[in-house]
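> 3D, please:
(chains A and B)
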Number of protein chains: 2
Amino acid sequence: MAKQQEEEVILLNYWASMFGMRVRIALAEKGVSYEYKEQDLINKSQLLLETNPVHKKVPVLIHNGNPVCESSIIVEYIDEVWNDKAPLFPDDAYAKAHAKFWADFIDKKLYQSGRNLYTKKGDEHEVSRKEFIDCLKLLEGELGDKTYFGGEMFSYLDLSLIPFHSWFQVYEIYGNLNLENECPKLIAWAKRCVENKESVSNTLPDMSKVFGLAQSRRKRFGLEE
Amino acid sequence: MAKQQEEEVILLNYWASMFGMRVRIALAEKGVSYEYKEQDLINKSQLLLETNPVHKKVPVLIHNGNPVCESSIIVEYIDEVWNDKAPLFPDDAYAKAHAKFWADFIDKKLYQSGRNLYTKKGDEHEVSRKEFIDCLKLLEGELGDKTYFGGEMFSYLDLSLIPFHSWFQVYEIYGNLNLENECPKLIAWAKRCVENKESVSNTLPDMSKVFGLAQSRRKRFGLEE
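Below you'll find the model as predicted:
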């Protein structure tokens, strides 16, 4: 416990960031206390620019003065440093690589197609809509009939995907989608995560608040009046 | 040694893939024997489509029948499975996260801007040219006066970047660049890797062969006659 008391953990984040939510869930799973510093993404703070000069993005975890950037790298770091409880990865190297593959797939494919549902129009919107559903169906196939992606334990891939749940209302309304019809098992999994894991329910913001943010962004982009 | 004899290791690759080169260097560092299967990227093999159905890309490492995709994930897997020699990551969690950050930066920023140097024209080419140089200078700053990125030992970030060396002639000619003038320390590092590491010199293809490939791609894209 002495070790814990000496540690200084600071998280630079923006409340609606799905990437930041991953880090918050990981820290909650590990029971790590930290100082939360909400960031203004329009007028970026000196601290954000200094700790992530390359990408200038949240989340940034600053551990004893050392900044770690990029959510997947931060979560792996958290798992390695606070390794006394709640392992986020399986021991088996192949299962670990498999979980990383799907988290990487979420970053490379699901994120952008989801974003396009409320920021694009016309053909680009339609292509993204199809891609978004395809991505979710692939993830649903990967989940299968398991409780969580890794089996009985909530772990890395669950925490990598569950933040998208807070954006589901945005995707449904602007993507003209019914996610429960499209992927019922995935929606059931999301409900399980929210109901059973305090690390998740305490982290994810209200869908209606996220929807309000998407609406205001659309107004800024000239997509809504 | 008994364990090694039982293992079946297959690599699906394309000779000019910088991502595939990373995997080959990692396997060479670990002294792992494997069966190399060159892939046709136009007419993709059934084996490639079956082992990487999501991205349908090389490299794929098939270890005892289990496919692992995405070069960074494969390299981490290799380091974990063959952990008896040539560690590719430092023990320290922060140094490890730091190396992963820069490899991720190469994937997200350097790769595409480099590709644009021989596949784009006009403004897009000019923007990529500036971005490419900026990326290399950031990486040079990260290298500093060290022998390798991690210090005295060749490791993960070195093997993530060195494959780009085989494409330097392409970048110089189509980007109208003199890389030795732009980033002399980085060029000196690349020469050190090629001269001192057999895993690198045995893996990287001739620059002139890569240049021929870029030329033929430009003809296919209608950028050259």
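
> CA atoms for contacts and neighbours, from now on please.
OK.

> Name the surrounding residues that touch the longest helix anywhere in chain A.
Ordering each helix of chain A by length in residues (DSSP state H) puts helix A:122-143 first. By CA atoms under 8 Å, 6 or more residues apart in numbering or on different chains, the residues outside helix A:122-143 that reach it are A:102, A:109-110, A:113-114, A:116-117, A:149, A:175, A:182-183, A:185-186.

> What about those residues, which are in strands?
Using DSSP state E, the subset of those located in strands is empty.

> Tell me if I'm right that residue A:119 and residue A:223 touch.
Yes. Look at residue A:119 against residue A:223 with CA atoms under 8 Å: they come within range, at 7.5 Å.

> Would you mind telling me which of those two has the busier surroundings?
For the pair residue A:119 and residue A:223, the greater number of neighbours falls to residue A:119 (18 against 14), based on other CA atoms under 10 Å in any protein chain shown.

> what residues are up against the more buried one?
Here residue A:119 is in contact with A:218, A:221, A:223 (CA under 8 Å, 6+ apart).

> at 7 Å what do you get?
When contacts are counted by CA atoms under 7 Å, 6 or more residues apart in numbering or on different chains, residue A:119 touches residue A:218.

> quick revisit: list the buried residues for the longest helix of chain A?
A:125-126, A:128-129, A:131-133, A:135-140, A:143 (16 or more other CA atoms under 10 Å in any protein chain shown).

> I'd like those residues as a markdown table, with pLDDT appended.
Output for the buried residues of helix A:122-143, formatted as a markdown table (pLDDT from 0 to 100):
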| residue | pLDDT |
| --- | --- |
| A:125 | 97 |
| A:126 | 97 |
| A:128 | 97 |
| A:129 | 97 |
| A:131 | 97 |
| A:132 | 98 |
| A:133 | 97 |
| A:135 | 98 |
| A:136 | 98 |
| A:137 | 98 |
| A:138 | 98 |
| A:139 | 98 |
| A:140 | 98 |
| A:143 | 98 |
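
> out of those, which one sits closest to chain B?
residue A:138 (8.5 Å; CA to the nearest CA).

> circling back to that earlier point, ChimeraX command to pick out the buried ones of the contacts of helix A:122-143?
To isolate the buried members of the contacts of helix A:122-143 in ChimeraX, using 16+ other CA under 10 Å:
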select /A:102,109,110,113,114,116,117,149,175,183,185,186
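
> Dump the contacts of helix A:122-143 into TSV; add distance to residue A:66 and pLDDT as well.
Listed next are the contacts of helix A:122-143 as TSV, based on distance: CA to CA, whole Å; pLDDT from 0 to 100:
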residue	distance to residue A:66	pLDDT
A:102	28	98
A:109	30	96
A:110	30	97
A:113	33	97
A:114	32	97
A:116	34	96
A:117	36	97
A:149	31	98
A:175	40	96
A:182	43	97
A:183	41	97
A:185	40	98
A:186	37	98
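
> between the contacts of helix A:122-143, which is closest to residue B:29?
Using CA to CA, residue A:102 comes nearest to residue B:29 of the contacts of helix A:122-143, at 27.0 Å.

> State the helix or strand in which residue A:37 lies.
Assignment of secondary structure by DSSP states H and E places residue A:37 within strand A:35-38.

> Parallel or antiparallel, list what pairs with that strand.
strand A:9-13 (parallel) (DSSP bridges).

> List the contacts of the partner strand.
Residues outside strand A:9-13 that contact it (CA under 7 Å, 6+ apart) are A:20, A:34-39, A:58-64.

> can you list the domain ranges for chain A.
For chain A, automatic domain parsing gives the domain ranges A:2-81, A:93-220.

> closest to residue B:89 out of these?
With CA to CA as the yardstick, what comes closest out of these is domain A:2-81 (13.0 Å).

> State the mean pLDDT of that closest one.
Mean pLDDT, domain A:2-81: 95.

> Could you tell me how far that domain lies from the centre of the chain?
From the chain centre to the centre of domain A:2-81 is a distance of 13 Å (CA atoms, centre = their mean, to the nearest Å).

> what's the burial count for residue A:208?
13.

> Also the one 4 residues further on?
Residue A:212 is flanked by 12 other residues according to other CA under 10 Å.

> Check the secondary structure at residue A:89 for me.
Secondary structure, DSSP: H, G, I helix; E, B strand; the rest coil: residue A:89 is coil.

> for chain B, what are the nearby residues on chain A?
A:68, A:73, A:77, A:80, A:81, A:93, A:97, A:100 (CA under 7 Å from any CA of the partner chain).

> filter the residues you listed to the buried ones?
If we count by 16+ other CA under 10 Å, the residues of chain A next to chain B have these buried: A:68, A:73, A:77, A:80, A:93, A:97, A:100.

> which element is residue A:61 on?
Assigned by DSSP H and E, residue A:61 falls within strand A:60-63.

> Hmm, I typed the wrong one, I wanted residue A:80.
helix A:71-81.

> just checking, what packs against that helix?
Helix A:71-81 is packed against helix A:18-30, helix B:93-105, with contacts defined by 3 or more CA pairs under 7 Å, 6 or more residues apart in numbering or on different chains; DSSP states H and E.

> Tell me which of these is the most buried.
Compared across the helices and strands packed on helix A:71-81, helix A:18-30 shows the largest average neighbour count, a mean of 24 (mean count of other CA atoms under 10 Å in any protein chain shown).
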